[in-house]
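Novice: The sequence isn't on hand, but the structure is:
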């Protein structure tokens, strides 16, 4: 009886987490919407006028913005045991899409953007580290499944998607930091540049190690 209750609570928690993540993904889509007009003076681009004229930066920005939503949606499909069991083709197809887009589009674009990140060297270091780890974890996930190493593949995909979610958690941390502390804008940016992904990675590492004990 207790086991059934625990399973029900766990299932409910998973659905609640999924609903929260989908809501923030929707919010991310709304934030990306203004960029469809390719107007160089909207939203975030208003504070990037010093680099918007650099062609490689501008291309990297639009690639990163428009593929991030795709990665979030494709990534959600990779952690549903029910989907894998009933529709393995969807799981594999979405997984291949996720890996391709991240390795060849989003990851490299994120690394280029990190070079010119707001907030100076500490922000640039944070986003560069994020981009490198993001790409590396995804590459390892792909290599692992090719070799038939399912457990390693799953662990690396957890790590990869934890960093994909930094697009969501960074903005959540920014809202919280400004609400509670209200530091100067660039101080906020330097702080959330690390908060956006380090807690995600620590949490998923804890989860991976916890699973090994059972």
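Specialist: Received, thanks. Keep in mind that what you see is a predicted model, and the values were worked out from it rather than measured.

Novice: and the residue nearest the centre of the chain, what pLDDT?
Specialist: Centroid-nearest residue in the chain, with C-alpha atoms, centre = their mean: residue 164, separated by 1.4 Å. Per-residue confidence at residue 164 stands at 94 (pLDDT).

Novice: Whatever helix or strand residue 96 lives in packs against which elements?
Specialist: Residue 96 is part of helix 88-101 when elements are defined by DSSP states H and E. With contacts taken as 3 or more C-beta pairs under 8 Å, 6 or more residues apart in numbering; DSSP states H and E, helix 88-101 sits against helix 55-76, helix 81-86, helix 121-146. Every residue, glycine included, has its C-beta placed from N, CA and C.

Novice: sorry, back to before: can you give me phi and psi for the residue nearest to the centre of the chain?
Specialist: When read as degrees, to the nearest 10, the backbone of residue 164 gives phi -60, psi -40.

Novice: State the three-state secondary structure for the spatially closest residue to residue 52 that is not a sequence neighbour.
Specialist: Closest residue in space to residue 52, ignoring its immediate chain neighbours: residue 40 at 5.1 Å, by C-beta to C-beta, 6 or more residues apart in numbering. Under DSSP: H, G, I helix; E, B strand; the rest coil, residue 40 falls in the coil class.

Novice: how deep is residue 40 tucked in, by neighbour count?
Specialist: 14 (other C-beta atoms under 10 Å).

Novice: Next one: it relative to residue 170, how far apart?
Specialist: In this view, residue 40 and residue 170 are 23 Å apart by C-beta to C-beta, to the nearest Å.
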